Every structure is written in structure tokens, then in C-alpha cells.
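>>> coordinates only, sequence not included:
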């Protein structure tokens with residue numbers, strides 16, 4: 001339950017940091033969401049985290065990752 005909450009909060013942080021153009025922080029939060037989701041086997045949140053990772057990388061101009 002705690003890891004599921006961890007993923008949810010991290011995804012919200014990633015969205016906030018993306019909205020305020022703090023892309024390195026958005027990337028860190030998205031990575032945390034992916035990690036927490038892997039711990040619980042929550043595939044939907046894991047994919048949401050991966051999308052947030054990709055968005056943060058793209059917004060920083062990092063296209064090769």
C-alpha cells in the first residue's frame with residue numbers, strides 16, 4: 001500500500017514539476033514513480049511513470065534516451 005501511494009504521489013510531483021518547467025525534478029519524480037510501481041506490480045502506474053520519464057527527457061531536448 002505504501003509503495004502504491006509512493007507511485008501516485010511521485011506521478012503528481014512529476015506533473016507539477018513539468019508544469020513549472022523544472023524538468024530535471026520531473027524526471028527524478030517520474031523515475032521514483034516507476035520504481036515504486038515496479039515494487040507493487042502496478043503496470044498502469046508504471047507505464048504512466050515511463051511516459052512521464054519520456055516527457056521530461058523530451059522537454060529537456062534529450063531524444064536518444
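Structure received. Computed from a prediction, not measured in an experiment: that's the story for all the values here.
>>> Stretch 57-65 - what's its average pLDDT?
Mean pLDDT, taken over the full extent of stretch 57-65, equals 89.
>>> Just the buried residues of it, please?
For stretch 57-65, the buried set under the neighbour-count rule, 16 or more other Cβ atoms under 10 Å, comprises residue 57. Where C-beta positions appear, they are placed from N, C-alpha and C, glycine not excepted.
>>> Now tell me what touches it from outside.
Counting contacts by Cβ atoms under 8 Å, 6 or more residues apart in numbering, the residues outside stretch 57-65 that touch it are 18, 21, 23-24, 26-27, 54.
>>> separation between residue 27 and residue 8?
Plainly put, residue 27 is 18 Å away from residue 8 if you go by Cβ to Cβ, to the nearest Å.
>>> picking that back up, can you pick the most crowded of the contacts of stretch 57-65?
With neighbours set by other Cβ atoms under 10 Å, the maximum within the contacts of stretch 57-65 is found at residue 26, which has 25 neighbours.
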